[in-house]
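Visitor: Just the structure for this:
(2 chains)
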Amino acid sequence: MGTMGVMAAFVLRRIFQAIIVMLVVSLLAFVMFTFVGDPIAQMVGQDTSLADRAALRDRLGLNDPIILQYARYLGNVVQGDFGISFRTARRVDVLLAERMPATLELALVAALYALLAGVPMGVYTGLYPDRWLSRVFQAVSLAGISLPTFFIGILLILFFGVVLGWLPTFGRGQTVQVGWWSTGLLTVSGLKSLIMPAFTLGMFQLTLIMRLVRSEMLEVLRTDYIKFARARGLSNRAVHFGHALKNTLVPVITITGLQLGSLIAFAIITETVFQWPGMGLLFLQAIQFVDIPVMSTYLILVAAFFVVINLVVDLLYYAVDPRLRMDSSAAGATG
Amino acid sequence: MTKAVSDDLEIEPRLTPARRLVDGLRRFFDGDIWHSFKSSRITVVATVITLVIFLAALFAPLVSPSNPYDLATLNLLDAFTAPVWVDDTGAGFLLGTDDQGRDMLSAIIFGTRVSLLVGFASIFFAMVIGISLGLLSGYVGGLTDAVIMRIADIQLSFPAILIALLIDGVVRGVLPSDRHNDVAVWVLIFAIGISNWVQFARTVRGSCMVERNKEYVQAARVIGIHPIVIMLRHVLPNVMGPVLVIATIGLAVAVLTEATLSFLGVGMPPTRPSLGTLVNTGQNFLASGEWWIAVFPGLALATLVLAVNLLGDWLRDALNPKLR
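Guide: The predicted model follows:
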């Protein structure tokens, strides 16, 4: 089989796996959707008559046979119709579409900041493990792993919000509508509101990237080709950045890519601390009110994010690293 | 060969249990692990802190200044007292009080107790599931292995906190809301345990696949020992090192997950608060200046998690023969 054939087989297998995962998740979502809780009790007041309740139950299609409900559910999901929120009585897809820009902006800015700060910090600690600044970075990374996300957020709110009064402690500030996308990146208050949440959300990823780059650098610097590069009389700069760093970047890009999915999930915590009006906050409220359509839709949406990101990262990895063409199972996911 | 083995077998039973304990201890204190422990100052500090926190949590009713659950001792007039070094009222509340006049130090000690209870129980649960499935997967192989590991792969690509949140949400939907506070602790243990079994399973499976093909296991199989006995008596002891490391770091993760869920308002109820619940309550008073209600439980949590993490890091290195 030629390289193209192997490539095509790999891509097809990956896509097939992705479809299986999405089917499993949609089944889980449907089971939740169908068997958990009594949506009618959530939606109506104490004084709603039994007849009204029955009418509502009928209108929501809760009296139909299970098979019919599942078929309808799948059909609707494929068309982007995820049902009606029990809590707000609005369409779930509209609700989530409203909230999505906030979460995506937060996650992307957090990922960018984690990458831009984490890589240099990792390179520095890898090159000069014994300098005092490296020890400071190491201590920061330990704190980043041990401090709970929500506690970092609370300390930031206390310090920069309450004591110093520099930054807003909740919400998204002013947003500007660009088509259907509402962005906070174009106004001063929007940007100021973004600083603390993005820092909080990116902190864990930053420490992860820093530790990864550090250990990769330490490993690469011991290899023969670095010794030969030095023997050839290349400058430190050329060796460190041209040869060593370049080879650490493949796993770093992979992990950052895979972590983008986790960022969207971990945004639930950050959004709660800062009352950031994103999907995570919506999901948490859905859990508290047992708003099953929103919960199951969020599950499907996050799974789709994960599956797509995993797929893209796997394919990129495959394109970048020739060794993988022999063994396609090496690009695993991380928790 | 056979001679040496039978000699061993003869000598062993003659030792009294006390003698064996002394021997074991002496071997431990002469050994690599104790040496590596002594020479890492930060690990010693982390261990002392961990022990102090564990003991305080265990003996909470004895060591805490008051019982935060005893409504009779609470006085609303004491509410929002600042820590002693900020504003000494002479009432003896070292870390101040919350909105109900509850002593924060006592609340933290009792909260740590709840956090650790959930942490230990859930990681134990995760360990039991993970080890069982890992042994099964590694020993039986084939389709069983493929199915278990595919589930593990899929689960591992989702963050544990999301899985725990979903389980919590589903239970909330199934149970009537007035029952929810009573079962909150069990739901948490189940949710956190389920979302953390994969690491155990993967490690145990890997070691099990290696051990399975060794001669002693084949010999045991030939003489007709039941596979379950082989797994538990012969394979399992060989994988306990890595399992211990995962369990230690897993404890930190479990405590953190519990705290996060409680902070989000879907974990322990305010009637039986864990450290996360305390931070959640305290968050409401940040803007009005009563910072201590949120900050001290958070600090206690961070200290606990940091100490256990350091211990786990050290243990991983100490048990890794490559690094010795």
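
Visitor: which parts of the host helix or strand of A:Glu105 are buried?
Guide: A:Glu105 belongs to helix A:92-127 when assigned by DSSP states H and E. By 16 or more other Cβ atoms under 10 Å in any protein chain shown, the buried positions in helix A:92-127 come out as A:92-93, A:95-96, A:98-107, A:109-111, A:113-115, A:117-119, A:121-127. Where you see a C-beta, it was placed from the backbone N, CA and C, and this is true even at glycine.

Visitor: what packs against that helix?
Guide: helix A:132-146, strand A:181-183, helix A:188-221, helix A:246-273, helix A:279-288, helix A:292-320 (3 or more Cβ pairs under 8 Å, 6 or more residues apart in numbering or on different chains; DSSP states H and E).

Visitor: most packed of those?
Guide: Per-stretch averages of neighbours, counted by mean count of other Cβ atoms under 10 Å in any protein chain shown, single out helix A:279-288 among the helices and strands packed on helix A:92-127, with a mean of 24.

Visitor: Any part of it near chain B?
Guide: Yes: interface with chain B: helix A:279-288 contributes A:283-284, A:286-288 (Cβ under 8 Å from any Cβ of the partner chain).

Visitor: can you list the weak-confidence ranges in the stretch 101-250 of chain B?
Guide: B:176-177 (pLDDT under 70).

Visitor: how about a cut-off of 80?
Guide: B:101-103, B:154, B:156-159, B:172-182, B:234-235, B:238-239 (pLDDT under 80).

Visitor: Mean pLDDT for the helices and strands packed on helix A:92-127 - can I get that in a markdown table?
Guide: Output for the helices and strands packed on helix A:92-127, formatted as a markdown table (pLDDT from 0 to 100):
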| stretch | mean pLDDT |
| --- | --- |
| helix A:132-146 | 84 |
| strand A:181-183 | 78 |
| helix A:188-221 | 86 |
| helix A:246-273 | 81 |
| helix A:279-288 | 87 |
| helix A:292-320 | 81 |
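
Visitor: of all these, which lies closest to B:Ile49?
Guide: helix A:132-146 (12.2 Å; Cβ to Cβ).

Visitor: what does the closest one contact?
Guide: Helix A:132-146 is contacted by residues A:121, A:124-125, A:128, A:203-204, A:206-207, A:210-211, B:252, B:302, B:305-306, B:309-310 when judged by Cβ atoms under 8 Å, 6 or more residues apart in numbering or on different chains.

Visitor: Which single residue in the stretch 1-150 of chain B comes nearest to chain A?
Guide: Here the stretch 1-150 of chain B gets closest to chain A at one residue, B:Arg150, 8.9 Å apart by Cβ to the nearest Cβ.

Visitor: For the residue in the stretch 151-300 of chain B positioned nearest to chain A, the count of nearby residues, please.
Guide: The minimum distance from the stretch 151-300 of chain B to chain A, using Cβ to the nearest Cβ, falls at B:Gly173 (3.4 Å). Residues contacting B:Gly173 under the criterion other Cβ atoms under 10 Å in any protein chain shown number 21.

Visitor: secondary structure element for it?
Guide: helix B:160-174.

Visitor: one step back: looks to me like the residue of the stretch 1-150 of chain B closest to chain A is in a strand.
Guide: No: counting by DSSP: H, G, I helix; E, B strand; the rest coil, B:Arg150 is not found in a strand; it is helix.

Visitor: Near it, how many residues? Count them for me, please.
Guide: Count around B:Arg150 with other Cβ under 10 Å applied: 14.
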